[in-house]
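just to be clear, the model below is a prediction. Sequence and coordinates:
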Amino acid sequence: MDPTNLAVQWSSVLLDINHGDRLTFARLSPSASIKIGNVKCSLAPLVGSPYGAVFELRRGPHGPSLFRISSCRRGGEAETSQMETNSVEGKTDSNQMDGVPGECHNVAGEYVAKDNRDLLDDNTAQKLTVEDIDQLRREGASGNEIVEALIANSTTFQSKTLFSQEKYKRKKQKKYAPQLVLRRPCARSVCEAYFLKAPNKIGFLRIDMLALMLSLANVGAHAEVLVMDMVGGLLIAAVAERIGGFGSVCSIYDTLKPPPMDILGLFNFSDSTANKVLRASLSEIIAVQKLTAENIEPAHATVTISGVDCAEEQGNDLLLCREACRDAVSDQSKKNQMNEIELDLPCQSCSSLEPELAETLGAVSMEGSQELSHELASGTIEYSILKAEDELLMSNGKRCAVGTDTRSFKRINRAGRHATADDMLHWVKHGFTSLIVGAPGVDPWSAAQQLLPFLCPSCPFVIYHPYLQPIANCMHQLQVRRMAVALQISEPWLREYQVLPSRTHPHMQMSSTGGYVLSGIKVVTE
C-alpha cells in the first residue's frame, strides 16, 4: 500500500463520527485522545491505518478503545446498511418495499397494509431496563450485541416498516456502538467540514464554488498564483494542493498583520509543497516594484549583525535591510524559542534608515507567539491539537516538544514563510500567471486595482464575494477602463440527493447559494 495513504504519527486527520453527526480535526500525537459521547479514548489505534478505515468504540479489558472493523472505503464512507446492500445485489424479500407508502407485504398468502399509524411512543415497548443494559456492559457485551438485545426485547420492532427498522437500528448504533471514519484532510473534505459546521470561518465558500475558482484561475503545476485569502487559509491550501510542489503560491495581504491561515495547518503537506507557500505584504511588493522601475541597484557594505550582512548607506535599499534584520531575528528566535534568551537589538544602520524599523522588528520578534495564541484562541469547528501535559505544539514551522523529561522533539511542518526580497523581485519582473481573490471584507474593485498590475497579460483572474452587488460594480469598472476581457459573473448551483431504494429525492435542507465569482482575462491597452 502507498505510504501516503496511511495516517502516520503527527499527521492531521479528519474524524467523521457517526456518519457526519460530528466532524473534528485532530493531530495524531502519542497522547492524543478524543471524547465520543461521555467516553474518552486514545487515538493511538489510528496510527498506521489507511484513510477511509472505519473504527468502532468498544469496551475492552483496559477500558474503552477504538477497534478497526472494516477496510478503507472510497471517499472515507462507512459500510452501507443491509437493506441497501441487498438492493444493489438484486436481493429482495417480502418486506423489501414496506418503507414505501401504499405498498403491502404478504402474510399467510394475503396482502396486508403495513405502516406505523398504530405505534405509540409511551416508553413501554422496551422490556430491557437501564440496569439490564449496564449489566450487559459489565459482562463485556459489545455495542452490536446490546443493539441486538434491544431489538429482541422490543415489542413493536417487528410491526414497524423496514424503513423504520433501519432508522431504529441506526439510532441505537450511534448510542451504543458509535463508529468513526478516518478521513484525509484535503481541499474537499476540509471545505465540506467547515461549510457544515462553521461556514462564516471560510466566508460561506462552498465546495462547488472552490472547485470553480480553481478551474477558472487555471491553477495547475508550474503556476505562479497570487492569492488574497481572508477565508482562513482555505484558498491558499487548495492552490498549494493543486500545484503539488511545482510552482508557487503567494498569500498577499494589505493589513498591518497577515490574516490567520489556520486551515493551512490541517493539510499534511510535504516539505517540497510547504516551501512553495509564501506570504508577502502588498506595500513591500509595491516598494520593490518602484525600485525596479527606477533601476536602483542596492550597494551592500559589510556590517555584520548576528551573522547577517546589512546595508549601511542611507541611499541603499531599505527593504533589503529590513529583510536581513527580519531574517536575523527570526533565525535567532527559532534557536531560542525553547529557552528564555533575549534577542539582539537591530543594527544602528537600520535604525538610522527608518525610525519606525525598531517597532517593526519588535513586532516580528513576537510574531510567532502572537500567531500561536491566535490559533489556539480562534474557534475552528472543533479543531484542536488535542493537548496533553507533556506536549507543546508551536506554529509557523517551529518545533513541537514531546516529553519534557527526554527532551525529544518533533518538527511540525508549517507552510507560509515570509517571502524574501529575491522572491519579490522575481514576481515583479516576471509577474503571476493567476490571481485569486477571496476576501469578503474587502471591496472587490479596490482589490482588483491593487493586484491586477502584478498579473501577467492574457492571464486569468477570479474574484469571489458572497454578495452580488460588489462583484457587479467591479465588473462594470473593469469594462469601463478596458482592463480585462471575457468578464463573466457566475453563481454555481448545487443540489444534493438522497439515493436510497425507492426513496430517492433531494435533501430536505440545503444551502441556497454558494456566492458569486467574477472571472476574466487581463489585457494591456496602449
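Yep, it's here.

which ones are touching P258?
251, 279, 281 (Cβ atoms under 8 Å, 6 or more residues apart in numbering). All C-beta spots, glycine's among them, are computed from the backbone N, C-alpha and C.

counting by contacts, list what the strand or helix carrying L518 packs against.
L518 belongs to strand 516-522 when assigned by DSSP states H and E. In terms of contact count using 3 or more Cβ pairs under 8 Å, 6 or more residues apart in numbering; DSSP states H and E, strand 516-522 is assigned the packing partners helix 207-216, strand 460-465, helix 468-481, strand 484-490.

relative to S446, which of these is closest?
Closest approach to S446 among the helices and strands packed on strand 516-522 is made by helix 468-481 (8.8 Å; Cβ to Cβ).

next, the buried residues of the closest one.
Within helix 468-481, the residues scored as buried using 16 or more other Cβ atoms under 10 Å are 470-471, 474-475, 478.

which of the contacts of P258 sits closest to S159?
Distance from S159 was checked for each of these by Cβ to Cβ. The minimum falls on S251, at 60.3 Å.

burial check on the closest one, number of neighbours?
26 (other Cβ atoms under 10 Å).

just confirm it is within a helix.
No. With DSSP: H, G, I helix; E, B strand; the rest coil as the criterion, S251 is located in strand rather than a helix.

so D443 touches P470, yeah?
Yes. At 6.2 Å, D443 counts as touching P470 under the criterion of Cβ atoms under 8 Å.

mind listing the strands for the stretch 101-250 of the chain?
Under the criterion DSSP state E, counting those that start in this stretch, the stretch 101-250 of the chain carries strands at the ranges 104-107, 110-113, 179-183, 223-229, 247-253.

can you redo these as JSON lines with distance to P30?
Listed next are the strands of the stretch 101-250 of the chain as JSON lines, based on distance: least, Cβ to Cβ, whole Å:
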{"stretch": "strand 104-107", "distance to P30": "54"}
{"stretch": "strand 110-113", "distance to P30": "59"}
{"stretch": "strand 179-183", "distance to P30": "17"}
{"stretch": "strand 223-229", "distance to P30": "33"}
{"stretch": "strand 247-253", "distance to P30": "32"}
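
those: which one's closest to V437?
When the strands of the stretch 101-250 of the chain are compared by Cβ to Cβ, strand 223-229 sits nearest V437, at 4.7 Å.

could you list every helix and strand in contact with that closest one?
Using 3+ Cβ pairs under 8 Å, 6+ apart as the contact criterion, the elements in contact with strand 223-229 are helix 234-243, strand 247-253, helix 421-430, strand 434-438, helix 444-451.

just to revisit the earlier point, list just the nearest of the contacts of P258 to Q173.
The shortest gap between Q173 and any of those belongs to S251, at 43.4 Å (Cβ to Cβ).

and for the nearest residue to that closest one once chain neighbours are set aside, the neighbour number?
With Cβ to Cβ, 6 or more residues apart in numbering as the measure, R279 is the residue that lies nearest to S251, at 4.1 Å, once sequence neighbours are left out. In terms of burial, R279 registers 20 neighbours under the definition other Cβ under 10 Å.

measure R279 to S272 for me?
When Cβ to Cβ, to the nearest Å is the yardstick, R279 and S272 sit 18 Å from each other.

same thing with F55?
As judged by Cβ to Cβ, F55 and S272 stand 31 Å apart.

in terms of neighbours, single out the busier of these two.
When F55 is set against S272 and neighbours are counted by other Cβ under 10 Å, the residue ahead is F55, at 24 against 10.

in this structure the more buried one contacts P45, no?
Yes. At 6.7 Å, F55 and P45 qualify as touching, with contact defined as Cβ under 8 Å.

joint contacts of the two?
Here F55 and P45 have 66-68 as joint contacts, going by Cβ under 8 Å, 6+ apart.

buried among these? Make that a PyMOL selection.
For anyone working in PyMOL, the buried entries among the shared contacts of F55 and P45, judged by 16+ other Cβ under 10 Å, can be selected with:
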select buried, resi 66
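
want to try a markdown table for the shared contacts of F55 and P45, with pLDDT as columns?
Supplementary listing: those in a markdown table, determined by pLDDT from 0 to 100:
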| residue | pLDDT |
| --- | --- |
| L66 | 89 |
| F67 | 86 |
| R68 | 89 |
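
looking at the shared contacts of F55 and P45, which is nearest M228?
Taking the shared contacts of F55 and P45 together and measuring to M228 by Cβ to Cβ, the closest member is L66, at 40.9 Å.

how about the CA coordinates for the helix or strand hosting that closest one, as PDB?
Taking DSSP H and E as the definition, one finds L66 inside strand 63-70. Only the C-alpha atoms of strand 63-70 are listed here, as PDB (Å, rounded to 0.1, in the frame of the first residue of the first chain):
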ATOM      1  CA  GLY A  63     -11.100   0.500  29.100                       C
ATOM      2  CA  PRO A  64     -12.800   1.900  26.000                       C
ATOM      3  CA  SER A  65     -10.800   1.900  22.900                       C
ATOM      4  CA  LEU A  66     -11.200   2.100  19.100                       C
ATOM      5  CA  PHE A  67     -11.200  -1.100  17.100                       C
ATOM      6  CA  ARG A  68     -11.000  -1.300  13.300                       C
ATOM      7  CA  ILE A  69     -14.000  -3.100  11.800                       C
ATOM      8  CA  SER A  70     -13.500  -2.700   8.100                       C
END
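
give me the sheet partners of that strand and which way each runs.
Strand 63-70 pairs in its sheet with strand 54-60 (antiparallel), by DSSP bridges.

show residues contacting the partner strand.
Counting by Cβ under 8 Å, 6+ apart, the neighbours of strand 54-60 from elsewhere in the structure are 36, 39, 41, 45-46, 49, 64-70, 73, 78-79, 137, 140, 142-143, 177-182.

what's the average pLDDT for that strand?
With pLDDT averaged residue by residue, strand 54-60 scores 83.

just stretch 24-37 next, same as before
Mean pLDDT, stretch 24-37: 91.

who's in contact with T292?
Residues near T292 by Cβ under 8 Å, 6+ apart: 425, 428-429.

give me that answer again for 10 Å
The contact partners of T292, by Cβ atoms under 10 Å, 6 or more residues apart in numbering, come to 424-425, 428-429.

most neighbours, which of the residues you listed?
With neighbours defined as other Cβ under 10 Å, the most crowded of those is M424; it has 24 neighbours.

can you give me the helices for the stretch 151-300 of the chain?
When assigned using DSSP state H, counting those that start in this stretch, the helices of the stretch 151-300 of the chain occupy the ranges 162-176, 187-197, 207-216, 234-243, 271-274, 282-293.

most packed of these?
helix 234-243 (a mean of 26; mean count of other Cβ atoms under 10 Å).

what about it, average pLDDT?
Model confidence over helix 234-243, given as mean pLDDT, is 95.

what's that helix packed up against?
Contact partners of helix 234-243 among helices and strands, from 3 or more Cβ pairs under 10 Å, 6 or more residues apart in numbering; DSSP states H and E: helix 187-197, helix 207-216, strand 223-229, strand 247-253, helix 271-274, strand 277-281, strand 434-438.

how about a markdown table for these, with mean pLDDT and distance to D16 added?
Converted to a markdown table, the helices and strands packed on helix 234-243 look like this (pLDDT from 0 to 100; distance: least, Cβ to Cβ, whole Å):
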| stretch | mean pLDDT | distance to D16 |
| --- | --- | --- |
| helix 187-197 | 93 | 9 |
| helix 207-216 | 96 | 15 |
| strand 223-229 | 96 | 26 |
| strand 247-253 | 94 | 28 |
| helix 271-274 | 90 | 25 |
| strand 277-281 | 93 | 27 |
| strand 434-438 | 97 | 26 |
